[in-house]
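Undergrad: Here you go, sequence then predicted model.
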Amino acid sequence: MATPATDYDTIILGAGAAGLAAGLYTTRAMLKTLIIEQLGPGGQLLITDEIENYPGFPEGVKGQELAMMMEQQTTRFGAEIDYSEVQGIEKADEPVKTVHTDDATYTAKSLIIATGGSHNKLGVPGEDEFSGRGVSYCAVCDGNFFRGQDVVVVGGGDAAMDEGHYLTGIVNSVTYIHRRDELRAARILQERAFNNEKVKFLWSHVVEEFVGNEALDAARVKNLKTEEVYDYNTAAAFIYVGFHPNTEYLKGLLEMDALGHVYTDIHMRTGVPGIYACGDARADSTRQLGAAVGDGITAALAAYHDMQE
């Protein structure tokens, strides 16, 4: 029995690296494709300054530049992009799936989940109050507001090291606040930070509060070894303390782990026929750009082959 007519063959939720790669392959396979994106094409690429580990760019590439090139390539082959927010999915387990956004309703034979993730918050007093007034989760977006000033970066992983390095080209100094006495970041990123005269460290410290008047003045920190609490003056705080998937809208529809990552097989198929997940939204993602692109391609090919069968 033929599948009833739909608006699209494939709807891709999210226009980050995984979603754009999926859209490139579905359109080249002659599947009518819609990509729904809430903010702008590129996802985490838009808040990443320099990308040094993506094959084919020996001198590195700017995240926003790569995002623009990927969008142009995907739309050139016919993918449509609707800038709106997904409100919900209906009839997920039926041959024709329905996607509701804040301004339209669409139907498709297959869905590819590529909504990525967002940075975690610390959850301390003053964090929300000073968001946009000194507290930030994006050095590339906000670093220039603090040119020549002293700032802190909270975290000790790859993202913290990368964004802190970007900031050292703009600000007077970067102080890393890290709850451990050693970093979790890749060794090459650690060495770059240790060798930068603009970089300082507050080891075994946590932020207990952000304080200020109209704008952020200081991070109230606690030394975990001495229990001392004091204010560390700073013009800005850039927070990189983990990441969570943007999959709240999928609760009850797909099987997910405790953090909300969608379970898939190696072909990016979920437990619901016709629905696929890729990139940072899926379980066991490595959260690497190249892996996200590979995930998107795999999901697109699986969707195409499943529809042919």
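TA: Here it is on my side, so go on. Numbers count the residues shown, from 1 in each chain.
Undergrad: Which strands border the helix or strand of the chain with the lowest mean pLDDT, and is each parallel or antiparallel?
TA: Lowest on mean pLDDT, DSSP states H and E among the helices and strands of the chain sits strand 50-51, with a mean of 84. In the sheet, strand 50-51 lines up against strand 61-62 (antiparallel) (DSSP bridges).
Undergrad: helix/strand/coil for Ala67?
TA: In three-state terms, and counting by DSSP: H, G, I helix; E, B strand; the rest coil, Ala67 is helix.
Undergrad: Enumerate every residue touching it.
TA: Going by Cβ atoms under 8 Å, 6 or more residues apart in numbering, Ala67 touches 17, 20, 41-43, 45-46. C-betas here are computed from N, CA, C, even on glycine.
Undergrad: How about Glu71?
TA: 15, 20, 41-42, 81.
Undergrad: Which ones among those map onto strands?
TA: Ile81 (DSSP state E).
Undergrad: nearest to Gly155, of the contacts of Glu71?
TA: The nearest member of these to Gly155, counting by Cβ to Cβ, is Gly42 at 22.0 Å.
Undergrad: Tell me the spacing between that closest one and Ala67.
TA: Here Gly42 is placed at a distance of 3 Å from Ala67 (Cβ to Cβ, to the nearest Å).
Undergrad: now do Thr10
TA: Applying Cβ to Cβ, the value for Thr10 to Ala67 is 21 Å.
Undergrad: How about Ile12?
TA: Using Cβ to Cβ, we find Ile12 at a distance of 15 Å from Ala67.
Undergrad: With Gly290 instead?
TA: 15 Å.
Undergrad: about what we covered before: which two among the contacts of Glu71 are spaced furthest apart?
TA: By the measure Cβ to Cβ, Gly42 and Ile81 form the most distant pair in the contacts of Glu71, at 11.5 Å.
Undergrad: quick one, which of these two is more surrounded?
TA: Gly42 (24 against 20; other Cβ atoms under 10 Å).
Undergrad: Retrieve the pLDDT associated with Val180.
TA: Just to correct that, residue 180 is Arg rather than Val. Note on Arg180: pLDDT of 96.
Undergrad: That one: helix or strand, and which one exactly?
TA: Arg180 is part of no helix or strand when elements are defined by DSSP states H and E.
Undergrad: tell me the phi and psi of it?
TA: Dihedral pair for Arg180: phi -110, psi 180, per degrees, to the nearest 10.
Undergrad: Over to the one 5 residues further on?
TA: Comment: the main-chain dihedrals of Ala185 come out as phi -70, psi 160, following degrees, to the nearest 10.
Undergrad: Apart from its chain neighbours, what residue comes closest to it?
TA: Nearest in space to Ala185, with sequence neighbours left out and distances taken as Cβ to Cβ, 6 or more residues apart in numbering, is Met161 at 4.2 Å.
Undergrad: As a check, name the ranges of all helices in the stretch 101-250 of the chain.
TA: Applying DSSP state H, counting those that start in this stretch to the stretch 101-250 of the chain gives helices spanning 139-142, 158-168, 187-194.
Undergrad: Just say which of those is most tucked in.
TA: Mean neighbours per residue, mean count of other Cβ atoms under 10 Å, is largest over the helices of the stretch 101-250 of the chain for helix 158-168, with a mean of 23.
Undergrad: Keeping just the C-alphas, turn it into PDB.
TA: The C-alpha coordinates for helix 158-168 follow below in PDB (Å, rounded to 0.1, in the frame of the first residue of the first chain):
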ATOM      1  CA  ASP A 158      38.100  21.200  25.600                       C
ATOM      2  CA  ALA A 159      35.500  23.800  25.100                       C
ATOM      3  CA  ALA A 160      36.800  25.900  28.000                       C
ATOM      4  CA  MET A 161      40.300  25.700  26.700                       C
ATOM      5  CA  ASP A 162      39.400  26.500  23.100                       C
ATOM      6  CA  GLU A 163      37.200  29.500  24.000                       C
ATOM      7  CA  GLY A 164      39.700  30.800  26.600                       C
ATOM      8  CA  HIS A 165      42.400  30.700  24.000                       C
ATOM      9  CA  TYR A 166      40.200  32.800  21.700                       C
ATOM     10  CA  LEU A 167      39.700  35.300  24.500                       C
ATOM     11  CA  THR A 168      43.400  35.700  25.100                       C
END
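Undergrad: low-confidence ranges in the stretch 1-150 of the chain?
TA: Counting by pLDDT under 70, the stretch 1-150 of the chain has low-confidence residues at 1-4.
Undergrad: repeat that with 50
TA: Applying pLDDT under 50 to the stretch 1-150 of the chain flags the ranges 1-2.
Undergrad: Tell me where it has strands.
TA: Counting by DSSP state E, counting those that start in this stretch, the stretch 1-150 of the chain has strands at residues 8-13, 33-37, 50-51, 61-62, 80-83, 86-90, 97-101, 105-113, 117-119, 135-136, 150-154.
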